[in-house]
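Asks: After the sequence you'll find the predicted model.
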Amino acid sequence: MALGDFIQSADWKGEKHVPVIDAPDTVEAGKPFDVTVAVGKEIPHPNTTEHFIAWIDVFFKPDDEKFIYHVGHFDFRGHGESTKGANKGPVYAHPKVTFSMEVNKSGKLVALSLCNIHGLWEYEKELKVR
């Protein structure tokens, strides 16, 4: 078995676990641009002590290259945990992140997210360089 055998994907408009990538379709080589990745864009994902998105990873796969590059890892640690009990804590992190990056060739942005109950989820977005 390979890790890819456990990664799920679906239409993000009907599935709350997909890490949707919001970035320009076309960017200038070597110029920074913003990327937002959010889980639960159309259907909110629960954010409780018992059911939450633990992290999002973002990768870039340049066209015509063998390897993928790890752009960033984003942990979401606050899910209402408390010594007073589950869902009684003061902090709830939401699985959404915005960061800046640049590329010098076209390729695919790939996002993975981990739901503590429903496993790994993936989404891809084509990125063109002009």
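Replies: Noted; the coordinates are in hand.

Asks: looking at this protein, which residue ends up farthest from its center?
Replies: Lys84 (30.7 Å; Cα atoms, centre = their mean).

Asks: distance of that one from Pro90?
Replies: When distances are taken as Cβ to Cβ, to the nearest Å, Lys84 and Pro90 turn out to be 10 Å apart. Heads up, the C-betas are built off the backbone N, CA and C, glycines and all.

Asks: what does Trp55 give?
Replies: In this structure, Trp55 and Pro90 are separated by 21 Å, where distance is defined by Cβ to Cβ.

Asks: Parallel or antiparallel, list what pairs with the helix or strand of the chain with the lowest mean pLDDT.
Replies: The element with the least model confidence among the helices and strands of the chain, by mean pLDDT, DSSP states H and E, is strand 7-8, at a mean of 90. Its sheet considered, strand 7-8 pairs with strand 119-129 (parallel) by DSSP bridges.

Asks: Please save the CA atoms from the partner strand in CSV.
Replies: Provided in CSV are the C-alpha atoms of strand 119-129 (Å, rounded to 0.1, in the frame of the first residue of the first chain):
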residue,chain,number,x,y,z
GLY,A,119,-8.6,11.0,7.4
LEU,A,120,-6.6,12.7,4.6
TRP,A,121,-8.1,14.9,1.9
GLU,A,122,-6.6,16.4,-1.2
TYR,A,123,-7.2,19.2,-3.7
GLU,A,124,-5.2,20.5,-6.6
LYS,A,125,-5.1,23.7,-8.5
GLU,A,126,-3.3,24.5,-11.8
LEU,A,127,-1.0,27.5,-11.7
LYS,A,128,0.3,29.2,-14.9
VAL,A,129,3.3,31.4,-15.0
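
Asks: Tell me who's in contact with Phe60.
Replies: Contacts for Phe60 were tallied using Cβ atoms under 8 Å, 6 or more residues apart in numbering; they are Ile68, Tyr69, Val71, Met101, Val103, Gly107, Lys108, Leu109, Val110, Leu127.

Asks: could you flag which of the residues you listed are buried?
Replies: Burial by neighbour count, 16 or more other Cβ atoms under 10 Å: within these this picks out Val71, Met101, Val103, Gly107, Leu109, Val110, Leu127.
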